[in-house]
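Student: fold the following.
(one chain, ligands or ions: 1)
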Amino acid sequence: MKVLSVTSEIYPLIKTGGLADVAGALPLALAGLGIETRTIIPGYPAIMKAVDGHAEKVHTFAELFGERATLYAAKCEGLDLLVLDIPALFGRFGNPYNSATGEGYSDNWRRFGALSKAAAEVAAGVLPGWEPDLVHCHDWQAAMTPVYMRFSDVPEKPSILTIHNIAFQGTFGPDIFPWLGLPAHAMAVDGVEYFGNVGFLKGGLQTAWAVTTVSPTYAREIQTPQYGMGLEGLIAARAHTVHGIVNGIDTDVWNPTTDQSLASRYTPSRLRLREPNRQVLSERFGLDDDTSPIFCVVSRLTWQKGMDLLAEAIGPLVAMGGKLAVLGTGDHHLEEAFRNAVRLYPGRVGTIIGYDETLSHIQQAGADAIVIPSRFEPCGLTQLYGLRYGCVPVVARTGGLADTIIDANPAALDVKVATGIQFSPVETWSLVHALRRAINLYNDKKAWMHMQKQGMKSDVSWKSSAKLYADLYSSLFV
Ligand SMILES: Nc1ncnc2c1ncn2[C@@H]1O[C@H](COP(=O)(O)OP(=O)(O)O[C@H]2O[C@H](CO)[C@@H](O)[C@H](O)[C@H]2O)[C@@H](O)[C@H]1O
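Tutor: Model prediction:
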């Protein structure tokens, strides 16, 4: 089967978050099941640089959203890419969505409208010698693809839209509609119309043949007003086509026995070898060199991720003897709160504001636990990295966090199946209680080691989830 994947970021070429990890890893996992994936991606400077010298021009669009566009094919990092080069839209350095001030680009509707339109044309067969059987779109930036497929003259191909984060919906004023190149009747409830505006994600949810999200619990949650962010009615109405498939991780990139980012590599039976990583981590974050537990964070510093709750829990955490190493970027007031905590609790809290892939590996290998107090979490990847690295996850009981971590309740501890700590409701007092439970368990060396080992045994690979995607793909042809 031939699949066209449509995405606005892909690991290792351009990444702002978990979407890139999934868009990069899933094609490799599906290849093992006989599914050939080509990924269409905007030609940002980072992508153009990566394919420079080995890209082949395969198509020219005379006009796409007022611009001339070129599609290049290139193999890169094991990925089979179709790069959409439109310098006026994508030739911007830095974050793919926002300007240097952190604001979304005002022409994002043109940029990702163009990506979706180009993808729909590839689906319709404009490339010489290659036509996909199915189109798999990721998030709002790709969500107009099935809309263009639905409202075109060419027979529609099966399509899947995966929601990685429903908080980002790509909603724009109605004045953009005439520029989208869609027939007038597409501005209706069974098209892109969304409370009088144009909704990219809404249009995709309406038109894709199947909708997936990245865990079964989140698939249920987004059908409720608490989590659906306005789209719950539409998603619930399409419940029979909504599937929750938990993300896997690239177990070659995330492998503590071979990871070259680490000061020391280790296996479940040689957990002592984590110690040099712990030391590197302590030095990098300016933490006291003692045996008290280190909790880490690798995250966007936002409300979604519950980082305000963690900021409030720092005092109690330090009072209970814990240390905290925070790596992240995000809301300025939260960045400031974590910087302040370093001043208040020197040696107990370390904060690095920034994005650092290598350091994120060192954290998982050196910290004792990773804290993920998300208010909502479609799947979450950092708890999966934590499991793989023996860094015990302390997580909010929501979305994929609820599906992937086995809470250390007395029964689970008794039969040694616990892999982390869950807490609910997602409030500061409850998080503090979870941190206390973690510290108590950490002080019981045997129980803690069992949890680390049990986590490291968990199957966090793409194997079973890739099979679920393959089955879903096949089901759309019957
Ligand atoms: N400062 C930093 N330095 C280095 N690395 C950093 C970093 N901050 C974050 N990262 C990395 O970025 C990725 C974040 O992935 P997540 O799944 O945690 O959340 P995100 O909200 O981006 O993804 C959305 O999509 C994914 C994929 O489906 C879902 O798992 C998730 O629930 C959903 O919100 C991880 O690989 C993490 O290690």
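Student: near the ligand, which residues of the stretch 101-250 of the chain are found?
Tutor: Residues of the stretch 101-250 of the chain that fall close to the ligand, judged by CB under 6 Å from any ligand atom: 164-165, 214, 247. The C-beta positions use only the backbone N, C-alpha and C, and glycine is treated the same way.
Student: now distance to Ala447 and pLDDT too, for those, in TSV please.
Tutor: Conversion of those to TSV gives the following (distance: CB to CB, whole Å; pLDDT from 0 to 100):
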residue	distance to Ala447	pLDDT
His164	35	97
Asn165	35	92
Val214	31	98
Asn247	28	97
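Student: most widely separated two among these?
Tutor: Greatest spatial distance among these (CB to CB): Asn165 and Asn247, at 12.3 Å.
Student: center of this protein, which residue is that?
Tutor: Gly18 (2.0 Å; CA atoms, centre = their mean).
Student: how far away is the nearest residue to that residue once chain neighbours are set aside from the ligand?
Tutor: If the residues on either side of it in the chain are set aside, Gly18 comes closest to Leu381, at 4.8 Å by CB to CB, 6 or more residues apart in numbering. Per CB to the nearest ligand atom, to the nearest Å, Leu381 is found 4 Å from the ligand.
Student: please apply the same query to Leu281.
Tutor: Per CB to the nearest ligand atom, Leu281 is found 14 Å from the ligand.
Student: and Tyr72, helix, strand or coil?
Tutor: Put simply, Tyr72 is strand when judged by DSSP: H, G, I helix; E, B strand; the rest coil.
Student: returning to that earlier point: is it true that the residue nearest to Gly18 touches Asn247?
Tutor: Yes - here Leu381 reaches Asn247: they are 6.2 Å apart, a contact under CB atoms under 8 Å.
Student: what do those two both touch?
Tutor: With contacts defined as CB atoms under 8 Å, 6 or more residues apart in numbering, the residues shared by Leu381 and Asn247 are 18, 21.
Student: and the residue of the stretch 101-250 of the chain nearest the ligand?
Tutor: The nearest approach of the stretch 101-250 of the chain to the ligand comes at His164, 3.5 Å away (CB to the nearest ligand atom).
Student: phi first, then psi, for that residue.
Tutor: With angles defined as degrees, to the nearest 10, His164 sits at phi -90, psi -30.
Student: leaving out the residues flanking it, which one is nearest to it?
Tutor: Leu19 (4.7 Å).
Student: neighbours of the one you found, how many?
Tutor: 23 (other CB atoms under 10 Å).
Student: tell me which element it falls in.
Tutor: Taking DSSP states H and E as the definition, Leu19 sits inside helix 18-31.
Student: can that helix be said to contact the ligand?
Tutor: Yes - for helix 18-31 and the ligand, the contact criterion (CB under 6 Å from any ligand atom) is met by 18-19, 21-22.
Student: for the ligand, state which of those is nearest.
Tutor: Taking CB to the nearest ligand atom as the measure, the ligand lies nearest Gly18 of those, at 2.6 Å.
Student: give the contact list for that closest one.
Tutor: Shown in contact with Gly18 (CB under 8 Å, 6+ apart): 164, 247, 379-381.
Student: any of the residues you listed buried? List them.
Tutor: By neighbour count, with 16 or more other CB atoms under 10 Å, the contacts of Gly18 hold 164, 247, 379-381 as buried.
Student: among those, which are in strands?
Tutor: Nothing among these maps onto strands, per DSSP state E.
Student: so Leu324 sits in a helix?
Tutor: No - membership of Leu324 in a helix is not supported by three-state DSSP, which gives strand.
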